[in-house]
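Novice: sequence first, predicted model second:
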Amino acid sequence: EAVDCVMFGQLITWFLGEFNARNTSRRTVAHFHEWQSGVGCILSRTRGLDVGTIFTTHATLLGRYLCAGSSDFYNNMPYFDCEGEARRRGIHHRYCTEMAACHAAHIFTTVSR
């Protein structure tokens with residue numbers, strides 16, 4: 001699963017680089033959704049592509065796991081050891097990808113109620 005996301009991210013980064021090389025008349029914005037596309041956001045920034053980046057998650061991956069685990073999520077939010085929780089749930093690699101994409105993006109958005 002994660003390997004496929006890395007390959008997809010590399011492909012998207014390659015595509016954006018090629019697109020920008022041919023598209024000199026307009027600015028480019030790439031919108032990435034969820035952790036699965038996060039590698040494309042990270043690579044676009046680290047490779048210095050002239051692309052505006054937006055990363056959107058509909059709920060953070062770790063947040064979903066914590067809410068599903070009856071952890072009284074909102075009252076305990078300041079007390080969670082996020083790294084430890086992600087490791088305990090076996091999602092650390094996905095958590096790190098999502099976190100890095102949040103930090104790499106020019107704009108980070110989340111969709112929740």
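Specialist: Structure received.

Novice: show me the shaky parts of this protein.
Specialist: Counting by pLDDT under 70, the chain contains low-confidence ranges at 113.

Novice: show me which residues of the top helix by length along the chain are buried.
Specialist: Counting residues, the longest helix found in the chain (DSSP state H) is helix 2-22. Going by neighbour count (16 or more other CB atoms under 10 Å), the buried part of helix 2-22 is Cys5, Gly9, Ile12, Thr13, Leu16, Gly17, Asn20. C-beta coordinates here come from the backbone N, C-alpha and C atoms, glycine included.

Novice: again with stretch 88-106
Specialist: 89, 91-92, 94-95, 97-102, 104-105.

Novice: can you give me the helices for the protein?
Specialist: Assigned by DSSP H, the helices in the chain fall at 2-22, 38-46, 61-68, 73-76, 82-88, 92-104.

Novice: nearest to Phe32, of the ones you listed?
Specialist: Closest to Phe32 of those, according to CB to CB: helix 38-46, at 4.3 Å.

Novice: buried ones in that closest one, by neighbour count?
Specialist: Buried positions in helix 38-46, judged by neighbour count with 16+ other CB under 10 Å: Gly38, Val39, Gly40, Cys41, Ile42, Leu43, Ser44, Arg45.

Novice: and these, which is closest to Glu85?
Specialist: Nearest member of the buried residues of helix 38-46 to Glu85, counting by CB to CB, is Gly38, at 18.7 Å.

Novice: just give the nearest non-adjacent residue to the closest one, would you?
Specialist: Once flanking residues are discounted, Gly38 sits nearest to Ala101: 3.1 Å by CB to CB, 6 or more residues apart in numbering.

Novice: and what of Thr110?
Specialist: Using CB to CB, 6+ apart and skipping residues adjacent in sequence, the residue nearest Thr110 is Thr57, 5.4 Å away.

Novice: give me the distance from stretch 42-53 to the chain's centre.
Specialist: On the basis of CA atoms, centre = their mean, to the nearest Å, stretch 42-53 is displaced by 13 Å from the centre of the chain it belongs to.

Novice: alpha carbons only: can I get it in CSV?
Specialist: Extracted in CSV, the C-alpha atoms of stretch 42-53 (Å, rounded to 0.1, in the frame of the first residue of the first chain):
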residue,chain,number,x,y,z
ILE,A,42,6.2,16.5,-0.4
LEU,A,43,8.3,15.7,-3.6
SER,A,44,6.9,18.7,-5.4
ARG,A,45,8.1,21.0,-2.7
THR,A,46,11.4,19.3,-2.0
ARG,A,47,12.3,19.3,-5.7
GLY,A,48,11.5,23.0,-5.9
LEU,A,49,8.8,22.8,-8.6
ASP,A,50,7.1,26.1,-9.3
VAL,A,51,3.7,24.7,-8.2
GLY,A,52,1.3,25.9,-5.6
THR,A,53,0.4,23.0,-3.3
